[in-house]
Structures are given as structure tokens and as C-alpha cells.
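J.: sharing a model that was predicted from the sequence below.
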Number of protein chains: 2
Amino acid sequence: MQDGGACQEILCNMVQKEESDVTMPASAAPKLRGRPKAYDRDAALKAMRQVFWTKGFSATSLDDMSAATGMNRPSLYAAFGDKTEAFRAVLKDYIDDARPLYLAAFRTPAPLRESLMKVYETSIAIYHNPQAQGMGCFMIGAALTDVKRDPEVGEMILSALKDMEAGFIRRFEKAKEAGELPADADVKALARIASSGHNTISVRMRAGESVDDIRQYLTQMVDVMVR
Amino acid sequence: MQDGGACQEILCNMVQKEESDVTMPASAAPKLRGRPKAYDRDAALKAMRQVFWTKGFSATSLDDMSAATGMNRPSLYAAFGDKTEAFRAVLKDYIDDARPLYLAAFRTPAPLRESLMKVYETSIAIYHNPQAQGMGCFMIGAALTDVKRDPEVGEMILSALKDMEAGFIRRFEKAKEAGELPADADVKALARIASSGHNTISVRMRAGESVDDIRQYLTQMVDVMVR
DNA sequence: TTTATTTTGTACTCGTTGGTACAAAATACT
DNA sequence: AGTATTTTGTACCAACGAGTACAAAATAAA
């Protein structure tokens, strides 16, 4: 969690692509040889994310993926490899999309309390998919199950969690420097609490708790953290 | 989280049964009519728990369940209904098994700090299945995915989470009365933090974090909570 | 226009899936 | 012993699973 441009989109509906290769020198638009692809790789990832998010890896069939993306199976294979690899790609894409959103929340200048709530609100915005209520975090609510099947998934999740924690640590350090926290405050411990709160949103949201209740939950936690 | 006898077993290996119907008057051993069951319902639940815990609902086949329990499919159906109902039964059984363990941890007389750590150690003992590393909480690591397929699963999980939180609340209230906490301590907020910490174990353990790291994590959190 | 190259789309394979029909087996009641 | 009742075990089914072969289509290069 160190860099990345700010992104204003809500994570779940991020579908459009921006043809970012305008000023690129050469290798960006290589003018491929054969029949042009009929699909947009990024849009396909988002579409699959939606399915995996709701049904999980194992309950999602290639037919589901095919229907969601509009790609036929051979194209899916050519683009993403087998189901396991496709799932990894979706997970990575999810994490890569979320990261800048959180970074933006962390960066926005605000007092500690608001800053923390801004991060949590980012999560809520991501987890509260308008198309389907109560999705929770994709990593925790849908990918975590598959850790035993594919350990790489576990590594990705753990790394993302630690990344998030690092973000909280930096924010608390800054707060300490700014005198928003007592000089003897345990920054790491606070970050773990904040991070735990973040996990709780993921879980409880997926389990069906209302957004209002979750907000109240978080507010109370923040009250203890900043005091 | 109000009652329940203390149970010394580690949750995951609880298989033996105790023929608890000794002093019961009549209806306990009704001397059933037909061919006697060749399976032990409780043992079967534990066996299925193991499979569901590792693979999740969708990746678990009836063949898996059959192999784990030693029951053939018709018997599975007669005993538990279809796969969805069997999963619910397993989840309920898991929660029912865990509850008294936590209650015992909460009840054991100890200073607040040790008391909290005792609860967390209970979780670690449950989640750290000796047969398979890094299982995490069954509810969060394996059942949470299936909330969209079966909302009843979500209700069970949420209720168990709140139940756990209630346990923390009561412990903090007791601590307050005993003068272990300042008189103005926000008991509910503390309970939410403690509860969040509990969720974090579930997640990070499943994701593959080491038990040592998790213990350190929790110790730091507790330090902030009791101070 | 022809050829090389790449993607698409249809149609397949074949193992697995959840669920069930039905006869044999094992018990209690009469 | 005979009958009613319940469980077991085998065998089966139709649907679905992931993955692939291959011809048609669409492009760039020659």
C-alpha cells in the first residue's frame, strides 16, 4: 500500500476501459495479426468477479462464466487459462482495484477519526453491491473458502490484509506526529484493531447485517481507538 | 451465550458419544422397530464437518460425505435430508459445540487480560485443526461463502457472532464492576473490538498466518483494550 | 488475391454430480 | 414362525461438470 493513482469508481461497477495507451511509444498497440478479440479482458474480469463473488469458486460453472462475460469457453481458456487461473486473475484484479480506493481514503486530509471512518466507508461502498445486497468482501466472503484448494489464494489474501494494516499503521503514525494521539500510543496495536474492524465489516456484511448497524458498530470502535 | 455445560474437548476431534440416556425415564431409548442404524449421527456430523471445513459446501460431493461418514447415500438422506440440510445440521452442530467451550473460557475466574486471552486461545485451539493446518473458523472460512445460496446460513452465522459479542460484553461489564476497567469505559465498544479480534483470528488463520504471529497480534490488541 | 495467423463458435467427450428405486437384511411385534 | 417396519447397499439416472477438437470467420502480411 504505497502508491497508486486515486480512483473514484465504486469497485463493483467498474467496467469501462480507458484506452490508456495514447502517449505510449510503440509496444502498446502492436496491431495484432489474426482475428480481433471480441471481448474486453477487463470487462470480462469484472463480470466474472460478480459471479464468483456471489457463488464462490466451486459453485460457479464455466457456463456461468461464459454467460456473464459473453465469451465462449475456448475464449475463456485462451484469455485466462483454466478455472483456477481465472479465479486468481479475478482476485488479483479485485485487490488491484480496491487498493487505490483505500489509498485515496487514507490520503484525504482529515482528522484521525474522520480519516478512519472514510476508510471504512470505502469498504462499505465496495462491499455493498447495489445489484446484490450483502456481498461483503470478495476476499473474505468468497475467496477465503478456497485457500485449501489453492494456497496461492491464501497468500494473496494475507498479503492484502497486511497491506491494509500497513496503511492503518502509517495513518496512526502520522496522527501521532501531528499530536492527534498521545506520544505513548501503541501505533501497531491500534492498527491491528482498526484492521480487525475492517475484517468485521467484511464478515458481518456478508452474513447479512444491515449497513446501519455496521456503521454504528464501527463508530463505537473508532471512539475507543481515537478517544 | 447464557448457559451450557463446560466441555473439555477440542472441538475438531469431538467424536465419541456418551450414551447420556442412563437415568432417563422412558422416551430416551424407545427401542426402535426396524433394522438398527449402523451409523452414529453425531459422529457422522463431525466427519462431515471435517470435509465441509476443508472444501466448503459446493466443492464437497455426496461421495465425499459418504466416504467421510461411512454411510451410503440413502442413509445420508434419511438422516440429514439433502445436501443443503446436511450442511445446516453440520453448521448448527459446530456452533453448538463451540458455545460451551467459549462459555467455559469466559467463566474461568481470571483477571480481564488473561480472561480475554483465554477466549482467544479457545478459538485458536478450535481453528488449528491438528489434521489440517490453517482451517480458521468453520463459519467464516467455509460457511460464509454460502450465504447467498442459503440465507439461513447467514442468519446462523450472524446470530453466533452476536452471541459471541454478548459474551464479551458481559465479561467487560463484570470487569467494570470489579474495578478492572475505569468507570467510564465503553463496555459495548470494547466488546466490539474484542469481537473483531476474534473475527480476525478466523480469517488470518485460514489465510495461512502462523499461530505465533496471531498470538502476538492478539496480545497487542488486548493491551490496548485493558491497558 | 493468396497465405499466415489468430479468434470465434459449435459440438463434442467423458467423468462426476445430486438424488432415487428397489431388493436384501435386520430388527420388533404377534 | 410369520409379519410389519426400518435401514442398508447396490445400481441406476438424467443433468451437469470442466475441458477440448475442429471448422468457419476475420484480420494482417505478402
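T.: Sure, I can see it.

J.: list the buried residues of stretch A:150-158.
T.: For stretch A:150-158, the neighbour count (16 or more other C-beta atoms under 10 Å in any protein chain shown) marks A:150, A:152-154, A:156-158 as buried. C-betas here are computed from N, CA, C, even on glycine.

J.: next one: the helix or strand hosting residue A:78 to chain centre, how far?
T.: Using DSSP states H and E, residue A:78 sits in helix A:73-80. Relative to its chain's centre, helix A:73-80 lies at 24 Å (C-alpha atoms, centre = their mean, to the nearest Å).

J.: that helix near DNA strand D anywhere?
T.: Yes. Applying C-beta under 7 Å from any atom of the strand, one finds helix A:73-80 in contact with DNA strand D at A:73-74, A:77.

J.: name the SS class of the most centrally placed residue in chain A, please.
T.: For chain A, the residue nearest the mean C-alpha position is residue A:98 (3.5 Å; C-alpha atoms, centre = their mean). Following DSSP: H, G, I helix; E, B strand; the rest coil, we place residue A:98 in the helix state.

J.: does stretch A:135-152 come close to chain B?
T.: Yes. Judged by C-beta under 8 Å from any C-beta of the partner chain, stretch A:135-152 comes into contact with chain B at A:136, A:140-142, A:144-149, A:151.

J.: just the helices in chain A please.
T.: For chain A, the helices defined by DSSP state H occupy A:41-59, A:62-69, A:73-80, A:83-107, A:112-127, A:138, A:151-177, A:187-207, A:211-226.

J.: out of these, which one sits most buried?
T.: Of all these, helix A:138 carries the top mean neighbour count, a mean of 29, counting by mean count of other C-beta atoms under 10 Å in any protein chain shown.

J.: elements contacting that helix?
T.: With contacts taken as 3 or more C-beta pairs under 8 Å, 6 or more residues apart in numbering or on different chains; DSSP states H and E, helix A:138 sits against helix A:41-59.

J.: for residue A:218, list the residues it contacts.
T.: A:117, A:120, A:197, A:201 (C-beta atoms under 8 Å, 6 or more residues apart in numbering or on different chains).

J.: got the residues of chain A near DNA strand C?
T.: Within chain A, the positions lying close to DNA strand C (C-beta under 7 Å from any atom of the strand) are A:32-39, A:71-75, A:78-79.

J.: so which of the buried residues of stretch A:150-158 is the closest to DNA strand D?
T.: residue A:150 (11.9 Å; C-beta to the nearest atom of the strand).

J.: and residue A:128, how many neighbours?
T.: 18 (other C-beta atoms under 10 Å in any protein chain shown).

J.: pop out the phi and psi values for it.
T.: Main-chain torsions, residue A:128, degrees, to the nearest 10: phi -90, psi 70.

J.: do the same with the one 4 residues further on
T.: Reported as degrees, to the nearest 10, the phi and psi values for residue A:132 are phi -150, psi 120.

J.: how much space between it and residue B:97?
T.: Distance of residue A:132 to residue B:97, computed by C-beta to C-beta, to the nearest Å: 32 Å.
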